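In: following is a predicted model, sequence given first.
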Amino acid sequence: MNERVNEASREGGAPTGAAESVPAGAEIPAKVRDLTKVYGTVVAVDRISFTLAQGTTVALLGGNGAGKTTTIAMLLGLVVPSAGEVRVFGADVSRNRGTVAHRMNFQSPYVDLPARLTVRQNLTVYSGLYGIANAAERIAFIAEDLQIGPLLERPTGKLSAGQKTRVGLAKALLNAPDLLLLDEPTASLDPDTADWIRHKLKDYAETRGATLLLASHNMAEVERLADRVILLDQGRIIEDETPAALIATYGRETLEEVFLDVVRGRAKQASDQAEPAAAPERKAS
Amino acid sequence: MSAASTKARGADPIILEPTGVGASLRRIGALLKRYIYLLRSSGIRLVELIYWPFLQMLTWGFLQQYLAATTSPLAQAAGVLIGSVLLWDILFRSKIGFSTTFIEEMWARNLGNLLISPLRASELVAALSLWSVIRLSVSMIPVAFAAYLIFGFNLLDLGLALAAFFAVLVLTSWSLGLISAGVILRYGLGAEELAWSLAFLLLPICCVYYPVSVLPDWLQPVALALPPTHVFEGMRAILLEHRFDASELWWALGLNAVYLFVGYLTFSRFLASARVNGSLLQLGE
């Protein structure tokens, strides 16, 4: 029996439709409830709730300052919530991150690996930190899979942006995480490399049954990868849908158009203009 | 083993138990490996480790020779100045080793990766502490040997007291390193100067080159509340009066326990504070 989990809809009438279906008794990779982060007088994240089901890819979308990175940082335990709760594989991240950290990983172009170390040295160090017993074999496997074999003996700081992204992804996949968090994984990459990274991420999620949560500004990326989109605006969830449902709801052709409607404050207007069939579908779930 | 079988064996990482003493030791070992890779990556760094203490030792050694030839009382104090400078360098180099290794992670924008891994804060501190001792050995053993060759000063003449002096100074350096690292975590690299200057604050007060009795009466209790003061007093007692006062060392070790506790508390509090105010998200150059 499937239980419909729709945490976001409980909060202030946040419109949600695609909130995750989680089979009863299944392990929940991440569950966020009433999550709030306040920096001084600025509310970065405002009472958001959502659940990530196993094997799904969820995108956090929103303009700059919408709260995407802060949300991911709270899931990783880098930032402590002001209120609310973050559970990863059942563990409260604020208190027991150590019991689940080996099942998660993270990649972002804004977090580097030490530049002076070679790629192999960096991967060896992180294998040790993640407790990987078959480190040499794992690095060889990942290197071949992500086509970084020729880079292994090169200093990480000497690599191009695309190569660094692949190496960052190698580090993030070393422990074959059940929950992979990504912050703009293809930022500043050429279209070919970006497409290749997306293909690898999709392949990883499908073959491993892993859960992915990515923050991105790239709508094509989100349409290709995500099963579900959580739209944030000023720290609040304003939409939680599949990409196709969002496009239909807003009566637009692409997710990018929907995004522009939302960040330019035209959400309601666009929604009103949407086809009549779409709106009830969004509200019904 | 063929490349194909190596690859197959790496398809799935074998993740070791993430909790317990063994897991902690593995992660500390992984970080130490990272620091060794870093040191090996630059010959200049290796030379620099020895260069400054060697110059210090030469300068003070020649000064001592000059004074010994011209003033009778100092002629009796053979080795005191070189001994002082070598012991001071143990404190200073160990402190710098701890702090700069920590700052290095921030320069490299790698701290985020470390803090989301299974690594715990206490393991990071343990790795930094151990590495400061390794760096110190690389730095000071050749310099102490050079002091013997050039000036006939044998640090080992201090006998077993040397081991105790070493322990006291290193423990003090860890306390200072923890406080510096905590402040930098909280206030960012803008507070980096503290890492370099904190140890110098002790230089005039802990009586490296002169006895406590030289200080004004009101400052003497402050000096005696600092563990290194007892080391330098103890060294002068051995070299000038050929007596070893063990009670001085017990006092120093007792004080060190207090300072280490305060240092770790400061680091932990500032790390927690950095997680609350989100400064871990902005770490980097």
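Out: Good, I have the coordinates.
In: which strands and helices lie in contact with whichever strand or helix holds residue A:60?
Out: For residue A:60, the host element (DSSP states H and E) is strand A:57-61. Helices and strands touching strand A:57-61, by 3 or more Cβ pairs under 8 Å, 6 or more residues apart in numbering or on different chains; DSSP states H and E, are helix A:68-76, helix A:191-208, strand A:211-215, helix A:219-225, strand A:228-233. Where you see a C-beta, it was placed from the backbone N, CA and C, and this is true even at glycine.
In: now do the fourth one: everything it contacts.
Out: Right, the one you point to is helix A:219-225. A:57, A:59, A:61, A:185-186, A:194, A:198, A:201-202, A:205, A:212, A:214, A:216, A:229, A:243, A:254-256, A:259 (Cβ atoms under 8 Å, 6 or more residues apart in numbering or on different chains).
In: repeat that for the second one.
Out: Residues from elsewhere that reach helix A:191-208, judged by Cβ under 8 Å, 6+ apart: A:55, A:57, A:145-146, A:162, A:165-166, A:169, A:173, A:176, A:178, A:180, A:182, A:185-186, A:189, A:210-212, A:214, A:218, A:221, A:224-225.
In: now the residue in the stretch 1-150 of chain A that chain B sits nearest to, nearest residue through space, not along the chain?
Out: Across the stretch 1-150 of chain A, no residue is closer to chain B than residue A:128, which sits at 2.6 Å (Cβ to the nearest Cβ). Leaving out its chain neighbours, the residue that sits closest to residue A:128 by Cβ to Cβ, 6 or more residues apart in numbering or on different chains is residue B:30, at 2.6 Å.
In: tell me which other helices or strands the helix or strand where the one you found lies touches.
Out: Assigned by DSSP H and E, residue B:30 belongs to helix B:21-40. Packing partners of helix B:21-40 (3+ Cβ pairs under 8 Å, 6+ apart): helix A:119-129, helix B:43-70, helix B:121-151.
In: is it possible to get CSV of those that adds mean pLDDT?
Out: Shown next, in CSV, are the helices and strands packed on helix B:21-40 (pLDDT from 0 to 100):
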stretch, mean pLDDT
helix A:119-129, 97
helix B:43-70, 77
helix B:121-151, 90
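In: quick one, what contacts the closest residue to chain A within the stretch 1-150 of chain B?
Out: Proximity of the stretch 1-150 of chain B to chain A (Cβ to the nearest Cβ) peaks at residue B:30, 2.6 Å away. Residues in contact with residue B:30 (Cβ under 8 Å, 6+ apart) are A:125, A:126, A:127, A:128, A:129.
In: any chance of the backbone angles for residue B:199?
Out: When read as degrees, to the nearest 10, the backbone of residue B:199 gives phi -70, psi -30.
In: ok, how many other residues are close to residue A:256?
Out: 16 (other Cβ atoms under 10 Å in any protein chain shown).
In: which helix or strand in chain A has the lowest average pLDDT?
Out: The weakest-scoring helix or strand in chain A, judged by mean pLDDT, DSSP states H and E, is strand A:2-4 (a mean of 33).
In: and residue 6, what pLDDT?
Out: No chain was given, so I picked chain A. With respect to pLDDT, residue A:6 has a value of 34.
In: sorry, I should have been clearer: chain B.
Out: For residue B:6, pLDDT reads 61.
In: likewise for residue A:282?
Out: 34.
In: got a list of what residue B:173 touches?
Out: Counting by Cβ under 8 Å, 6+ apart, residue B:173 has contacts B:90, B:91, B:92, B:94, B:95, B:97, B:98, B:132, B:199.
In: now do stretch B:201-216: distance from first to last residue.
Out: Distance between the two ends of stretch B:201-216: 17 Å, counting by Cα to Cα, to the nearest Å.
In: how many neighbours does the closest residue to residue B:219 other than its chain neighbours have?
Out: Nearest residue to residue B:219, sequence neighbours excluded (Cβ to Cβ, 6+ apart): residue B:205, at 6.9 Å. Residues contacting residue B:205 under the criterion other Cβ under 10 Å number 18.
In: if I look at residue B:205, how far off is residue A:105?
Out: 47 Å (Cβ to Cβ, to the nearest Å).
In: put the buried members of the contacts of helix A:219-225 into a PyMOL selection.
Out: Typed into PyMOL, the line below selects the buried ones among these, using 16 or more other Cβ atoms under 10 Å in any protein chain shown:
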select buried, chain A and resi 57+59+61+185+186+194+198+201+205+212+214+216+229+243+255+256+259
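In: any chance you could map the helices in the stretch 101-250 of chain B?
Out: B:111-116, B:121-151, B:160-187, B:192-205, B:220-224, B:227-241, B:246-277 (DSSP state H, counting those that start in this stretch).
In: flag every buried residue along the shortest one.
Out: Residues of helix B:220-224 classed as buried by neighbour count (16+ other Cβ under 10 Å): B:220, B:223, B:224.
In: rebuild those residues as CSV, extending it with distance to residue A:265 and pLDDT.
Out: Shown next, in CSV, are these (distance: Cβ to Cβ, whole Å; pLDDT from 0 to 100):
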residue, distance to residue A:265, pLDDT
B:220, 69, 95
B:223, 65, 95
B:224, 67, 94
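In: which ones are touching residue B:65?
Out: residue B:151.
In: now for the helix or strand where residue A:49 lies, which elements pack on it?
Out: According to DSSP H and E, residue A:49 maps onto strand A:42-52. If contacts are counted by 3+ Cβ pairs under 8 Å, 6+ apart, strand A:42-52 sits against strand A:30-39, helix A:68-76, strand A:83-88, strand A:236-241.
In: buried ones in that strand, by neighbour count?
Out: For strand A:42-52, by 16+ other Cβ under 10 Å, it's A:43, A:44, A:45, A:46, A:47, A:48, A:49, A:50, A:51, A:52.
In: does the fourth one touch residue A:233 like I think?
Out: I take that to be residue A:46. No: the criterion here is Cβ atoms under 8 Å, and residue A:46 misses it with residue A:233 at 9.7 Å.
In: circling back to that earlier point, and the residue nearest to residue B:219, how far is that from chain A?
Out: In this view, residue B:205 and chain A are 37 Å apart by Cβ to the nearest Cβ, to the nearest Å.
In: that residue and residue B:228 touch, don't they?
Out: No: using Cβ under 8 Å as the test, residue B:205 is too far from residue B:228 to be in contact (9.1 Å).
In: OK, contacts around the residue nearest to residue B:219?
Out: Contacts of residue B:205 (Cβ under 8 Å, 6+ apart): B:215, B:219, B:222, B:223, B:226, B:229.
In: please redo it, this time with the cut-off set to 10 Å
Out: If a contact means Cβ atoms under 10 Å, 6 or more residues apart in numbering or on different chains, then residue B:205 has B:212, B:215, B:219, B:220, B:222, B:223, B:224, B:225, B:226, B:228, B:229 as its contacts.
In: name the nearest of these relative to residue B:148.
Out: residue B:228 (23.2 Å; Cβ to Cβ).
In: and the angle from the helix holding residue B:30 to helix B:121-151?
Out: If you take axes from the mean of the first three to the mean of the last three Cα atoms, to 10 degrees, helix B:21-40 sits at 50 degrees to helix B:121-151.
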